[in-house]
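Colleague: Task: produce atomic coordinates for the following.
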Amino acid sequence: LAGQRIASHLRVSDVLARAVDEAARVFDVTHATVYLTGQHGRIDAAHHYPSDQPLFDRTAEDLSWLARVERPIAVPDLRDTDALPGLKLGLIEQGVHSVLVMPVVHKSEVVGGILLFAKDNRRSFSGPSQELARIFAGQLAVAVDNARLYQATADARQRVEAVVQSAFTSILTVDTVGRVRDANPAARQLLGRGADELDGRLLDDVLGIDLWLDPDGPIARARRTRKMVQPVERQLPAEDGREGQEVLLGVAPLPDGYLISMADITRLKELDRLKSELVANVSHELRSPVAQIKAYNELLLGGLVPC
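Modeller: Residues are numbered from 1 along each chain as shown. Down below sits the predicted model:
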């Protein structure tokens, strides 16, 4: 049950706080500490029981050896050991009689430890207590790893969401039946609709074109190949006060739907048309005087026009 209560938390700090409380209860000790090691071989985080009465300072330089403990250390009587440098004298002054240090190991790597302190001189943390502590440490290792994975996933999701929300490209996600689930601000601006006007609507109704139902369109190709489809040009019709737009539209399959990306190329297409018209007009204007000069030159050479 202690393991289940520890594993019920998804933040590392909450896991440690619950673990140290459970350790004090399960082992019936007056003080306990749970700590995690950092990348540089130091104690990275620690929680104590009671929380307002820590028996030592985790940042002390002479306690770096705790981050490297790979095997249990049981000290039945602090007065008869040199096994706890930097801890012994301070603990004796606070009335601690015996100590158990149990490393927390995950996938053959030490990720932290559990410290149990007993002021009762009848406690020695013998074999059964060590075995129970080893099991407890194993459950804590799994809970910490799960919490770290959850946090990493949450962080990655926040990063992706930040990128999508701030992107200039219009992005829509649709489910497996073609209904819009999400639209970033750029997509809402392109389509001239609010989020409540897009969520749950069929993609073809939102865009005003047959995209989902087109058997030869980009979504159909993505559905068949389960691969990203190269962008294609599409014309979005004018409707509801929105001007017609030309877009470059791409499709990428998702595990539970599709991602539609659109870049508005209306102005680029207009500039391209203006460039073509300009080149055609300039070419025409250049050809006309050249033809006249050529004809006049032929007349001069033929003697039909006096020099």
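Colleague: hey, let's count contacts and neighbours off CA atoms from now on
Modeller: Fine.
Colleague: which stretches of the stretch 151-300 of the chain form strands?
Modeller: Here the stretch 151-300 of the chain has its strands, by DSSP state E, counting those that start in this stretch, at 170-174, 180-183, 229-236, 245-254, 257-264.
Colleague: need those in JSON lines with mean neighbour count and mean pLDDT, can you?
Modeller: Formatted as JSON lines, the strands of the stretch 151-300 of the chain follow (neighbours: other Cα atoms under 10 Å; pLDDT from 0 to 100):
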{"stretch": "strand 170-174", "mean neighbour count": "23", "mean pLDDT": "95"}
{"stretch": "strand 180-183", "mean neighbour count": "21", "mean pLDDT": "94"}
{"stretch": "strand 229-236", "mean neighbour count": "16", "mean pLDDT": "92"}
{"stretch": "strand 245-254", "mean neighbour count": "20", "mean pLDDT": "94"}
{"stretch": "strand 257-264", "mean neighbour count": "21", "mean pLDDT": "94"}
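Colleague: export those to CSV and tack on distance to Glu109?
Modeller: Output for those, formatted as CSV (distance: least, Cα to Cα, whole Å):
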stretch, distance to Glu109
strand 170-174, 41
strand 180-183, 41
strand 229-236, 43
strand 245-254, 35
strand 257-264, 39
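Colleague: What is the lengthiest helix in the chain packed up against?
Modeller: When the chain is parsed with DSSP state H, its longest helix is helix 127-166. Helix 127-166 is packed against helix 2-7, helix 12-27, strand 98-106, strand 109-118, helix 185-191, with contacts defined by 3 or more Cα pairs under 8 Å, 6 or more residues apart in numbering; DSSP states H and E.
Colleague: What's the local residue count around Glu270?
Modeller: 12 (other Cα atoms under 10 Å).
Colleague: closest one to Ala137 among the helices and strands packed on helix 127-166?
Modeller: strand 98-106 (5.1 Å; Cα to Cα).
Colleague: Check the chain and tell me which residue is nearest its centre.
Modeller: In the chain, the residue lying closest to the centroid (Cα atoms, centre = their mean) is Ala156, at 0.3 Å.
Colleague: Ok, which of the helices and strands packed on helix 127-166 comes nearest Asp210?
Modeller: helix 185-191 (15.7 Å).
Colleague: Perfect, that will be all.
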